[in-house]
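A.B. asks: Just to be clear, the model below is a prediction. Sequence and coordinates:
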2 protein chains.
Amino acid sequence: MDAKVIAIGTVRGAAATKERILDTAEALFMEHGFEATGLRSITAAAGVNLAAVNYHFGTKEELFQAVLTRRLDPMNQERVALLDEMERKSAPHPLTCDRILMALFVPALRLARDPARGGKNFLRLLGRAYADPAPFIRHFLSEQYALTIARFKAAFGRALPHLPKKELSWRLHFIMGALSYTLSGTDAHKIISELSPREANNDEILLRRLAPFLLAGLNAPLPDLTEVTREVDSALTRKR
Amino acid sequence: MDAKVIAIGTVRGAAATKERILDTAEALFMEHGFEATGLRSITAAAGVNLAAVNYHFGTKEELFQAVLTRRLDPMNQERVALLDEMERKSAPHPLTCDRILMALFVPALRLARDPARGGKNFLRLLGRAYADPAPFIRHFLSEQYALTIARFKAAFGRALPHLPKKELSWRLHFIMGALSYTLSGTDAHKIISELSPREANNDEILLRRLAPFLLAGLNAPLPDLTEVTREVDSALTRKR
DNA sequence: ATAAGATTCAAACGAACGTTTAATTGATTG
DNA sequence: CAATCAATTAAACGTTCGTTTGAATCTTAT
């Protein structure tokens, strides 16, 4: 940012191409996925030379990580900061689940609202990345999210003291699943456009419907595994 | 199956290589995704000639569709059949949500239990396919699922008459999201192995924890959008 | 047994991939 | 002005991709 203003020469041009590459890669990775997107497509669409990617980012994988980090890092910091502030205000009472969910969703909404920070495109790219089989993506994401998830798991643990930690881990997993799938869904955006085409921000409507759904799931009664097991078993073995 | 026993000549050899290709492709597609899996990897691992894929299936895309159809078609038929039978038995009362969810999950569990029908691998492949950006995969899946989803949506509609259809569409979408993400998750299988390594079938434990979670979400109270909106808006604008 | 057909095989096709190289351009600094 | 360094460029690197070809091998049927 500062460098762009102060030095008008080399740095500005370099920073400009770097950002143009990041923006274009973000869009194309979202549309076609990591493997199916060629460096030649990216550089051509960005109007830069093919070698520029390797010069500025090293490899294609590093470019992908740079695309993710640029948005993900600030968003997760915002999430934790929001959670911290909420907990401070409500002390000594623990936060309720709906407010913790808010701390999880609001920064994502902010990002989706702001076109300058990637807007809706990035959330979809993020959802895609969550389901990508590539090992380096999975490693990268779990590293990026490890601290944030642990922080929120602790908060949920205080809000749901009766819930065994094992069960809480599962439900958090389900939450992240529904969230990432919802964000990545081409279907979801299509559904929105069909059902309520005049609304302002699609991702916003989406997350506001998702939150109550997940909140209810979090507060669900503990599954009586033995009983359910018998019933399902009978269904499983009956028509065998 | 029958052809393999009856005709001992050409058919056995041809059917054998076809199945070997399908099995190997299923495993490799699951591990690396569609784009990242080469035909040479598949044919080498299957012990067949490279050209065998194009000879038996036409193109790589058609091979992928064949891999999916082989398991998906029977499973969806089983789902609808189970739902039909349940509705017939409980007539004239409509089914409760938990039983409809059972009709959705049990066939998937049966598939996961049966190694001869793909076992756990296929469910993970299916989850991956759901998140794949490739247009032909999305088209194929939505075609394959259109009837089944419509059938279950109608059943849920009868079970939740107070729920607006729009809201029901959303919640079904969330359910499919959590389901596919859960099935595809490498993380999920790791969590299971760590938490309860001695259990028999991983996918079974998984779905039995997911069902109550989703059931609660289905029965969640309608979101008071206006109220929630104000609260979230304040959070969004406060720190801007 | 022999013709016909189905399947397998090795080899090659052109295209696209990510990455590297070496030369050139441009601006900054001593 | 000259030297220096970062940035851009065109070109080529070697590899891998999905697909096709035509001959060879095997099975089925006359």
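C.D. replies: In hand now; what should we look at? Numbers count the residues shown, from 1 in each chain, chains lettered A, B, ... in the order given.
A.B. asks: low-scoring stretches of chain A, by residue?
C.D. replies: Low-confidence regions of chain A, defined here as pLDDT under 70, cover residues A:1-13, A:185-203, A:225-240.
A.B. asks: all helices for it, in order.
C.D. replies: In chain order, chain A shows helices spanning A:2-6, A:10-32, A:39-46, A:51-57, A:60-90, A:97-113, A:119-130, A:135-159, A:165-184, A:186-195, A:202-218, A:225-238, with DSSP state H as the criterion.
A.B. asks: and these as a markdown table, adding mean neighbour count?
C.D. replies: (Glycine included, C-beta is placed from N, CA and C.) Formatted as a markdown table, the entries for the helices of chain A read as follows, by neighbours: other C-beta atoms under 10 Å in any protein chain shown:
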| stretch | mean neighbour count |
| --- | --- |
| helix A:2-6 | 10 |
| helix A:10-32 | 18 |
| helix A:39-46 | 17 |
| helix A:51-57 | 16 |
| helix A:60-90 | 17 |
| helix A:97-113 | 21 |
| helix A:119-130 | 22 |
| helix A:135-159 | 15 |
| helix A:165-184 | 22 |
| helix A:186-195 | 15 |
| helix A:202-218 | 22 |
| helix A:225-238 | 13 |
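A.B. asks: closest to B:Arg209 out of the ones you listed?
C.D. replies: Checking the helices of chain A against B:Arg209 by C-beta to C-beta gives helix A:165-184 as the closest, at 4.8 Å.
A.B. asks: what about the closest one, near chain B?
C.D. replies: Yes: Helix A:165-184 lies in contact with chain B when judged by C-beta under 8 Å from any C-beta of the partner chain; the contacting residues are A:166-167, A:169-171, A:173-174, A:176-178, A:180-182, A:184.
A.B. asks: what's the closest non-adjacent residue to A:Thr69?
C.D. replies: Using C-beta to C-beta, 6 or more residues apart in numbering or on different chains and skipping the chain neighbours, the partner closest in space to A:Thr69 is A:Gln144 (7.4 Å).
A.B. asks: tell me, which of the residues of helix A:165-184 next to chain B make contact with DNA strand D?
C.D. replies: The subset of the residues of helix A:165-184 next to chain B lying close to DNA strand D, counting by C-beta under 7 Å from any atom of the strand, is empty.
A.B. asks: centre of the chain versus stretch A:118-138, how much separation?
C.D. replies: The chain centre lies 7 Å from the centre of stretch A:118-138; the measure is C-alpha atoms, centre = their mean, to the nearest Å.
A.B. asks: Report the contact partners of the residue nearest to A:Thr69.
C.D. replies: A:Leu68, A:Thr69, A:Leu72, A:Asp73, A:Asn76 (C-beta atoms under 8 Å, 6 or more residues apart in numbering or on different chains).
A.B. asks: list the contacts for the residue nearest to A:Asp132 when sequence neighbours are not counted?
C.D. replies: Leaving aside its sequence neighbours, A:Asp132 sits nearest to A:Phe34 (C-beta to C-beta, 6+ apart; 6.1 Å). In this structure, A:Phe34 makes contact with A:Phe64, A:Ala129, A:Asp132, A:Ala134, A:Ile137, judged by C-beta under 8 Å, 6+ apart.
A.B. asks: Next, work out how far apart the residue lying closest to the first one once chain neighbours are set aside and DNA strand C are.
C.D. replies: When the adjacent residues along the chain are set aside, A:Phe64 lies closest to A:Phe34, with 5.8 Å between them (C-beta to C-beta, 6+ apart). Counting by C-beta to the nearest atom of the strand, to the nearest Å, the separation of A:Phe34 from DNA strand C is 8 Å.
A.B. asks: Any figure for the gap between A:Phe34 and A:Ile205?
C.D. replies: Distance, A:Phe34 to A:Ile205, by C-beta to C-beta, to the nearest Å: 28 Å.
A.B. asks: again, but for A:Ala154
C.D. replies: From A:Ala154 over to A:Ile205 the distance is 30 Å, taken as C-beta to C-beta.
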